[in-house]
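Trainee: Sequence and predicted structure, then a few things I'm wondering about:
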Amino acid sequence: MTSERSVYLDHAATTPIDPAVLAAMVAQLEAGAANPSSIHRAGRQALAALDRAREAVATVLGATPREIIFTASGSESDNLALKGIVRALRRAGRGAHLVVSAIEHHAVLHAAAALEREGCSVTTVPVDHDGLVDPAAVAAALRDDTLLVSVMLANNEIGTIQPIAEIAAHCRARGVLMHSDAVQAVGAVPINVDALGVDALTIAAHKFHGPPGIGALYVRRGTPLEPLVDGGGQERRRRAGTEPVAAAVGMALALQLAEQRREATAAHCRLLRDQLITGLLERIPDSWLNGHATRRLPNNVNLGFAAIEGESMLLLLDQAGIAASSGAACSAGSLEASHVLLALGLDERRALGSLRLSVGRSTSADDVQYVLARVPPIVARLRSFG
Ligand SMILES: *Cc1c(COP(=O)(O)O)cnc(C)c1O
């Protein structure tokens, strides 16, 4: 079945690459083969390009270049932050406890579970009905043997923006390190590692119009870190493997562009987001907004519809040319309710009836009108089957 339009509203899952980023990457790849570790001229040129990319990433985040580790993904950065820091500190006999929020990405939750299997203990701090973490609850969870706290800056499913600076201040007062997964926040929320007060921070290029296959982890100077990947001495011995120079160049440019355009993009997205939220809530009975109404990403819409199964809705939306998600993409295909929506206090049935629409730079007012026209009859149709 073909549809009149094709509307991409899944920017929280991944974003289209910026043409300028693609051009910069192609130019880097066409410059010829060179390993940045090689001594010859081509190798030195590759290293120089890698250094410039690292410097650009560091500058945007308010860090120094040596505090930036290139990885392959947001998931790898999250894993390196949790396992790398906790294992290094444990080895030094500094404790074995970590604290995470209930709505972290699986990359954080499953890394924490892996550490639990190694003998660590994990405290999961709940969120309120709006999906907000209470800094006082994090402070109350801190123990003398707490090594690390990991709370995301912005949630990928419901867009909730957390009070990271406040949480980090509690951690610092207790001498506990703090990591934040900022993958969704780039280009939407100002990110400065000192203003946030974090010791480690995760980003992933494909979430801000950069290439897939590269992420970065900021790690504050002096923070102990055990590598996940052993081998050569790349990334200051914190992550072995020949560096993907073109991808790093692409990520650096995408990050600079995301920061330059942050306010304009946010204003554009916020308008469309709010039109979608009010428009759909008005047109669809027994519907509600998941996540805080204002302390949320400018591009995130997450609605619940009673008596609907989100996955079947996605198929009908797809037939109408609308690319959306019912939660985290990694849980799509399985009928498991989202851990994020359950953490808000939704029961299993209501948690299964959710729809995430994430708008972006290229989303238009016409796209919004199309969605407002197409989604209500689809919900009605599904309900008539039930
Ligand atoms: C997408 C995402 C990740 C994982 O990043 P990948 O690059 O897909 O591994 C982690 N955390 C959040 C909040 C995300 O949105």
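Mentor: Yep, that arrived.
Trainee: Which positions in stretch 269-281 come out as buried?
Mentor: For stretch 269-281, the neighbour count (16 or more other C-beta atoms under 10 Å) marks 269-270, 272-273, 275-277, 279-280 as buried. Backbone N, C-alpha and C define where each C-beta goes, glycine included.
Trainee: Which residue comes closest to the residue in the chain that the ligand sits nearest to once chain neighbours are left out?
Mentor: Residue of the chain nearest the ligand, by C-beta to the nearest ligand atom: Gly74 (2.5 Å). Leaving aside its chain neighbours, Gly74 sits nearest to Ala204 (3.2 Å; criterion: C-beta to C-beta, 6 or more residues apart in numbering).
Trainee: Neighbours of the one you found, how many?
Mentor: Ala204 has 28 neighbours, counted by other C-beta atoms under 10 Å.
Trainee: just Gln28 next, same as before
Mentor: For Gln28, the count of nearby residues is 21 (other C-beta under 10 Å).
Trainee: Next one: it relative to Ala248, how far apart?
Mentor: Here the criterion is C-beta to C-beta, to the nearest Å. By it, Gln28 lies 9 Å from Ala248.
Trainee: Repeat that for Leu355.
Mentor: Leu355 sits 35 Å away from Ala248, going by C-beta to C-beta.
Trainee: quick one: the strands in the stretch 251-386 of the chain?
Mentor: Ranges of strands within the stretch 251-386 of the chain are 287-289, 300-305, 322-323, 354-358, based on DSSP state E, counting those that start in this stretch.
Trainee: Make JSON lines out of these and add distance to Ile103 and mean pLDDT.
Mentor: What follows is the strands of the stretch 251-386 of the chain, written out as JSON lines (distance: least, C-beta to C-beta, whole Å; pLDDT from 0 to 100):
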{"stretch": "strand 287-289", "distance to Ile103": "16", "mean pLDDT": "98"}
{"stretch": "strand 300-305", "distance to Ile103": "12", "mean pLDDT": "97"}
{"stretch": "strand 322-323", "distance to Ile103": "24", "mean pLDDT": "98"}
{"stretch": "strand 354-358", "distance to Ile103": "14", "mean pLDDT": "97"}
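Trainee: Can you convert the ones you listed into CSV and add a column each for distance to the ligand and mean neighbour count?
Mentor: Supplementary listing: the strands of the stretch 251-386 of the chain in CSV, determined by distance: least, C-beta to the nearest ligand atom, whole Å; neighbours: other C-beta atoms under 10 Å:
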stretch, distance to the ligand, mean neighbour count
strand 287-289, 20, 17
strand 300-305, 11, 25
strand 322-323, 16, 20
strand 354-358, 10, 27
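Trainee: next one: stretch 262-273 to chain centre, how far?
Mentor: In terms of C-alpha atoms, centre = their mean, to the nearest Å, the centre of stretch 262-273 is set 18 Å apart from its chain centre.
Trainee: Can you show me the CA trace of that stretch as PDB?
Mentor: What follows is stretch 262-273, C-alpha atoms only, in PDB (Å, rounded to 0.1, in the frame of the first residue of the first chain):
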ATOM      1  CA  ARG A 262      20.200  24.700  18.900                       C
ATOM      2  CA  GLU A 263      17.900  27.600  19.700                       C
ATOM      3  CA  ALA A 264      16.400  27.900  16.300                       C
ATOM      4  CA  THR A 265      15.800  24.100  16.000                       C
ATOM      5  CA  ALA A 266      14.300  24.000  19.500                       C
ATOM      6  CA  ALA A 267      11.900  26.800  18.700                       C
ATOM      7  CA  HIS A 268      10.900  25.200  15.500                       C
ATOM      8  CA  CYS A 269      10.400  21.700  17.100                       C
ATOM      9  CA  ARG A 270       8.600  23.000  20.200                       C
ATOM     10  CA  LEU A 271       5.900  24.700  18.100                       C
ATOM     11  CA  LEU A 272       5.300  21.500  16.100                       C
ATOM     12  CA  ARG A 273       5.500  19.300  19.200                       C
END
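Trainee: Fine by me, thanks again.
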